[in-house]
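Novice: with the sequence up front, the predicted model follows.
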There are 2 protein chains.
Amino acid sequence: MGNQLRKHIEEVVALSDDEYTFVLSHFSKEAFGKNDFLIQKRESVNHCYYVISGLLKLVYDDADGKKHITSFAMENWWESDFAAFFTQTEAQMSLQCIEETHVLSISLNNYNKLAANFPKMEYFFLKKSNAGHIASQRRILSFLTSSAKERYEQLLEQYPVLFQRVPKMLLASYLGVSRETLSRLSH
Amino acid sequence: MGNQLRKHIEEVVALSDDEYTFVLSHFSKEAFGKNDFLIQKRESVNHCYYVISGLLKLVYDDADGKKHITSFAMENWWESDFAAFFTQTEAQMSLQCIEETHVLSISLNNYNKLAANFPKMEYFFLKKSNAGHIASQRRILSFLTSSAKERYEQLLEQYPVLFQRVPKMLLASYLGVSRETLSRLSH
């Protein structure tokens, strides 16, 4: 567990022991129970989270009180309400545990300090941000071009583990279909 | 026109004259006519584009040959098939001019060199990438939570100029609705 973030960063840039100690000093370790909130809607968003273990859902409540799942986050994923985090505005979404979850959290201040003082991490953050942007573009395309059935099959192919760990109702919300439609798709 | 990119970068970081000359040396100026392609589907994607003037559409053709507009790009926007550009894989989308368009293009090699050798530009690229990621997240949310009518109204509010410059058929494709539905919405 002590090395997990290091391995994750070293997929992009190599770090010496001292450099990793320096990087890690910008993060705090936190543990959350099932159903705990890391981010609450309308509150300020002070941290971005790197998931060590567990599973989270990023949820948007629309004007009618209906809940929509923007994304799931599990081991080695980075999650936050990024708009609120980077622009320091109030959360439009909530981030809640589906399972007991361990994270490393970083404040915007520490994120900016790390990026400004340590070019390797600025490079790492740039790579991660570009990858996140690419993943979002793919999801936009899937809404434009794919039927609910195709979106279901893409998700099953990309993240089969979600189907073991996430209740059907939440998968339906992520796919933008009703639970009944999902049941039909999964048979 | 010579100063447009500088003003755009200086919204994020200040540059000296020498620094701007250095930055600009990594870009090439290019002009394209209406309907010209900057990126063709299945070809390699060698550049990312900063739009000086004009208007572009990023288009995905699905398996049935139906065209979907992933995004529009106009003055001061950055556009490419980012997945193909950053991972150096073949284009899944095409990038085509709706109007005569002038751009500054940068290769991945120059993008990486500029980010590696000049921390101010690495910071600028990180800010842009995070902003792009945030914009994509908003679009995903709009597909999950908004009706076609609401998406139409959001677009009208955010980018009224698109309604003067973009044919109705392309707006419908961007919104993921039929042209008939769009006609109904716009009355």
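Specialist: Alright, I've got the coordinates. Numbers count the residues shown, from 1 in each chain, chains lettered A, B, ... in the order given.

Novice: what's near enough to touch residue A:177?
Specialist: Applying CB atoms under 8 Å, 6 or more residues apart in numbering or on different chains to residue A:177 gives the contacts A:148, A:152, A:185. In short, each C-beta sits where N, CA and C put it, glycine included.

Novice: of the residues you listed, which is the most crowded?
Specialist: Among those, residue A:152 has the most neighbours (other CB atoms under 10 Å in any protein chain shown), with 22 neighbours.

Novice: which SS class is that one?
Specialist: Classification of residue A:152 by DSSP: H, G, I helix; E, B strand; the rest coil places it in helix.

Novice: now do the contacts for it.
Specialist: Applying CB under 8 Å, 6+ apart, we find residue A:152 in contact with A:175, A:177, A:182, A:185, A:186.

Novice: for residue A:50, name its beta-bridge partners.
Specialist: Applying DSSP bridges to residue A:50 gives these bridge partners: residue A:78, residue A:104.

Novice: surely it meets residue A:26?
Specialist: No: between residue A:50 and residue A:26 no contact is recorded; they are 11.1 Å apart, counting by CB atoms under 8 Å.

Novice: what is in contact with the two at once?
Specialist: Jointly contacting residue A:50 and residue A:26 under the rule CB under 8 Å, 6+ apart are residue A:106.

Novice: who's more crowded, the two?
Specialist: Between residue A:50 and residue A:26, residue A:50 has the larger neighbour count (other CB under 10 Å), namely 21 against 18.

Novice: distance of that one relative to residue B:134?
Specialist: 19 Å (CB to CB, to the nearest Å).

Novice: with residue A:89 instead?
Specialist: Separation of residue A:89 from residue B:134 (CB to CB): 11 Å.

Novice: same check, this time on residue A:107
Specialist: Counting by CB to CB - residue A:107 and residue B:134 are separated by 18 Å.

Novice: higher neighbour count, those two?
Specialist: Each of residue A:107 and residue B:134 has its neighbours counted (other CB under 10 Å); residue B:134 has more, 21 against 15.

Novice: dump the residue contacts of that one.
Specialist: Applying CB under 8 Å, 6+ apart, we find residue B:134 in contact with A:82, A:83, A:86, A:87.

Novice: SS state for residue A:13?
Specialist: Following three-state DSSP, residue A:13 is assigned to coil.

Novice: for it, give its distance to chain B.
Specialist: 11 Å (CB to the nearest CB, to the nearest Å).

Novice: all strands for chain A, in order.
Specialist: A:28-32, A:37-39, A:47-53, A:55-61, A:67-74, A:78-79, A:94-97, A:101-107 (DSSP state E).

Novice: in chain A, which residue is most central in space?
Specialist: For chain A, the residue nearest the mean C-alpha position is residue A:79 (3.0 Å; CA atoms, centre = their mean).

Novice: what's the nearest residue to it if we skip its chain neighbours?
Specialist: Computed as CB to CB, 6 or more residues apart in numbering or on different chains, the closest residue to residue A:79 that is not its neighbour in sequence is residue A:73, at 3.7 Å.

Novice: what do you get for residue A:66?
Specialist: Nearest one to residue A:66, counting by CB to CB, 6+ apart, is residue B:145 at 7.7 Å.

Novice: which parts of chain A sit against chain B?
Specialist: Chain A comes close to chain B at residues A:60, A:62, A:66, A:68-70, A:82-83, A:86-87, A:115-116, A:119, A:122-123, A:125-126, A:129-134, A:136-141, A:143-145, A:176, as judged by CB under 8 Å from any CB of the partner chain.

Novice: from chain A, which residue is nearest to chain B?
Specialist: Chain A approaches chain B most closely through residue A:136 (3.4 Å), counting by CB to the nearest CB.

Novice: now for the nearest residue to that residue once chain neighbours are set aside, how many residues are close by?
Specialist: Of all residues not flanking residue A:136 in the chain, residue B:136 sits nearest, at 3.4 Å (CB to CB, 6+ apart). Residues lying near residue B:136 (other CB under 10 Å) number 23.

Novice: OK, contacts around residue A:28?
Specialist: Residues in contact with residue A:28 (CB under 8 Å, 6+ apart) are A:104, A:105, A:106.

Novice: beta-bridge partners for it, please?
Specialist: If you apply DSSP bridges, the partners that residue A:28 bridges to are residue A:105.

Novice: so it versus residue A:91, what's the distance?
Specialist: 19 Å.

Novice: wait, residue A:120 touches residue A:13, no?
Specialist: Yes: using CB under 8 Å, residue A:120 is in contact with residue A:13, at 4.6 Å.

Novice: test my guess that residue A:162 contacts residue A:168.
Specialist: No: between residue A:162 and residue A:168 there is no contact under CB under 8 Å: 10.9 Å.

Novice: neighbour-wise, which of these two wins?
Specialist: The neighbour count for residue A:162 versus residue A:168, taken as other CB under 10 Å, is higher for residue A:162 (17 against 12).

Novice: residues contacting residue A:4?
Specialist: Residue A:4 makes contact with A:52, A:76, according to CB under 8 Å, 6+ apart.

Novice: pLDDT score for it?
Specialist: Per-residue pLDDT puts residue A:4 at 94.

Novice: that older thread, compare the contacts of residue B:134 and tell me which is most surrounded.
Specialist: Within those, residue A:82 tops the neighbour count with 22 neighbours, counted by other CB under 10 Å.

Novice: no further questions, thank you.
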